[in-house]
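Novice: Sequence first, predicted coordinates after that:
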Amino acid sequence: MDGAGSGPSTGPGPGPGPGAGWGSGPGSGQGERPDDDLSAGWPSDDRPGNRGASHGGSGGGGASGGEAAWPTGPGDIRDRLEKTGYLVDDGLAVACFLALKLRRPIFCEGDAGVGKTSLASALAAALDAPLIRLQCYEGIDASQALYDWDFPRQLLHLRAAEAAGVTDADRLEGELYGRRFLVARPLLRALETQPCVLLVDEIDRADDEFEAFLLELLSEYTVTVPELGTLRAESPPVVVLTSNRTREVHDALKRRCLYHWFDHPGFARELAIVRRRLPGVTARLAEQVTGLVQALRAEDLVKPPGVAETIDWAEALDALGATEVDAELAVATLGSVLKYREDLERARGLDLAALLAVRGA
């Protein structure tokens, strides 16, 4: 994650321009006191945390939850997650509860499609909090993850001031670099939205510098905007980091987190997930599809299918009006579950009819 060696105190460079900004937040003299802690210095109506629903990404409700409504134990968080349709085992329920209790990020690692990203969505729904998502990619930097200045609006304001005959340079500079022109990116929105769930998705795709920057941010949950001062989270967000292990994430970041490995589920659990997600699919079709996916994972595939692909396959077959699957229909719909040519060729070479028979079809 894009790095500042001594923490996120240096402001990011120019970004892509306007985005979801701060509305008409205050742009007063606070902007000229970079050493001030601004975590408690704004009028309550302008605090971004009081507008949490507008900052949320996909999923989650309003910011009406609060710590008093948070789970009381692993069993409670399990029940809440299962009510959202997300099934968890004992280890994950404990990890989620400890992440909430100890205010530690939870680091979710495993193959693609095993439910890591869905956990963040389910947590947001279970906590009645907005979900703020940061999708990582190669080359992501602080201006795309933390904040940027709304240069087009700043330019319009400058031209309007010139047309109005404003000549006070200090006043104009203070206005240009006030809150109203600051564009909050996901990390800054998460710091100032309480409560919320912050999803840092696919951190393994980001570079080492950005990873170091994120480590600093998660250490103190503060960031310094040179023109405005220090912005501090009143209450740390619930943080979920995911990794598909395309590269090893540094130990320093992992040490900051609670770690959970997401493995492919066994037949019974995967079947329960499919039935929960697709209640309209017949029991026979769900069992057959789950059994076939379990068998495909035992093959030497480039990309073994995850639970997401199992759900996609069952949904595709159900869309075709199937109540059960035979070998011919399975071959015709393999593109729903396998995404590489080599894997499709290998699967077509299997005796799918025999695999269906093994599962009692």
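Specialist: Arrived safely. Numbers count the residues shown, from 1 in each chain.
Novice: drop to CA atoms for contacts and neighbour counts, all remaining ones
Specialist: Noted.
Novice: If you count contacts, what does the helix ranked longest in the chain end up packed against?
Specialist: The single longest helix within the chain, with elements called by DSSP state H, is helix 283-297. Packing partners of helix 283-297 (3 or more Cα pairs under 8 Å, 6 or more residues apart in numbering; DSSP states H and E): helix 267-277, helix 307-319, helix 352-358.
Novice: Reformat those as CSV; add mean neighbour count, mean pLDDT and distance to Gly165.
Specialist: Formatted as CSV, the helices and strands packed on helix 283-297 follow (neighbours: other Cα atoms under 10 Å; pLDDT from 0 to 100; distance: least, Cα to Cα, whole Å):
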stretch, mean neighbour count, mean pLDDT, distance to Gly165
helix 267-277, 18, 94, 62
helix 307-319, 20, 96, 60
helix 352-358, 15, 86, 79
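Novice: Nearest to Gly113, out of these?
Specialist: helix 307-319 (5.0 Å; Cα to Cα).
Novice: what does that closest one rub up against?
Specialist: Helix 307-319 has contacts (Cα atoms under 8 Å, 6 or more residues apart in numbering) with 113-115, 264-265, 270, 274, 277-278, 281, 285-286, 289-290, 293, 325, 333-334, 336-338.
Novice: For Ile106, which non-adjacent residue is closest in space?
Specialist: Spatial nearest neighbour of Ile106, excluding adjacent residues (Cα to Cα, 6 or more residues apart in numbering): Leu258 at 4.6 Å.
Novice: How many residues are close by Leu127?
Specialist: 26 (other Cα atoms under 10 Å).
Novice: ok, now Ala164?
Specialist: 9.
Novice: ok now do it, which residues does it touch?
Specialist: Counted by Cα under 8 Å, 6+ apart, Ala164 has zero contacts.
Novice: list the helices and strands the host helix or strand of Leu253 packs on?
Specialist: Secondary structure from DSSP states H and E places Leu253 in helix 251-255. If contacts are counted by 3+ Cα pairs under 8 Å, 6+ apart, helix 251-255 sits against helix 208-220.
Novice: and the helix or strand just after the helix it packs on, how far out from the chain's middle?
Specialist: The helix or strand immediately downstream of helix 208-220 is strand 222-225, counting by DSSP H and E. In this view, strand 222-225 has its centroid 21 Å away from the chain centroid, taken as Cα atoms, centre = their mean, to the nearest Å.
Novice: just to revisit the earlier point, any chance of CSV for the helices and strands packed on helix 283-297, columns distance to Asp79?
Specialist: Listed next are the helices and strands packed on helix 283-297 as CSV, based on distance: least, Cα to Cα, whole Å:
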stretch, distance to Asp79
helix 267-277, 14
helix 307-319, 21
helix 352-358, 34
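Novice: Where do the strands of the stretch 101-250 of the chain begin and end?
Specialist: 106-110, 131-135, 147-149, 182-184, 197-201, 222-225, 229-232, 238-243 (DSSP state E, counting those that start in this stretch).
Novice: which secondary structure elements does the fourth one contact?
Specialist: Right, strand 182-184. strand 147-149.
Novice: what are the pairing partners of the strand it packs on, and which direction each?
Specialist: strand 182-184 (antiparallel) (DSSP bridges).
Novice: tell me the mean pLDDT over the helix or strand hosting Asp76?
Specialist: According to DSSP H and E, Asp76 maps onto helix 74-83. Regarding helix 74-83, the rounded mean pLDDT is 94.
Novice: Also stretch 211-223?
Specialist: 87.
Novice: Helices of the stretch 1-150 of the chain, residue ranges please.
Specialist: 52-55, 74-83, 90-102, 116-127, 142-145 (DSSP state H, counting those that start in this stretch).
Novice: quick one: the longest one to helix 74-83, angle?
Specialist: With axes from the mean of the first three to the mean of the last three Cα atoms, to 10 degrees applied, the angle from helix 90-102 to helix 74-83 works out at 110 degrees.
Novice: Only the buried residues of helix 90-102, if you could.
Specialist: Buried residues in helix 90-102, defined by neighbour count with 16 or more other Cα atoms under 10 Å: Leu92, Ala93, Val94, Ala95, Cys96, Phe97, Leu98, Ala99, Leu100.
Novice: do the same with the fourth one
Specialist: Within helix 116-127, the residues that qualify as buried by neighbour count (16+ other Cα under 10 Å) are Lys116, Thr117, Leu119, Ala120, Ser121, Ala122, Leu123, Ala124, Ala125, Ala126, Leu127.
Novice: Out of those residues, which is nearest to Arg179?
Specialist: Ala124 (27.4 Å).
Novice: now the end-to-end length of stretch 278-289.
Specialist: Taking Cα to Cα, to the nearest Å as the measure, stretch 278-289 stretches 12 Å from start to finish.
Novice: wait, which of the helices and strands packed on helix 283-297 is closest to Leu156?
Specialist: helix 307-319 (46.6 Å).
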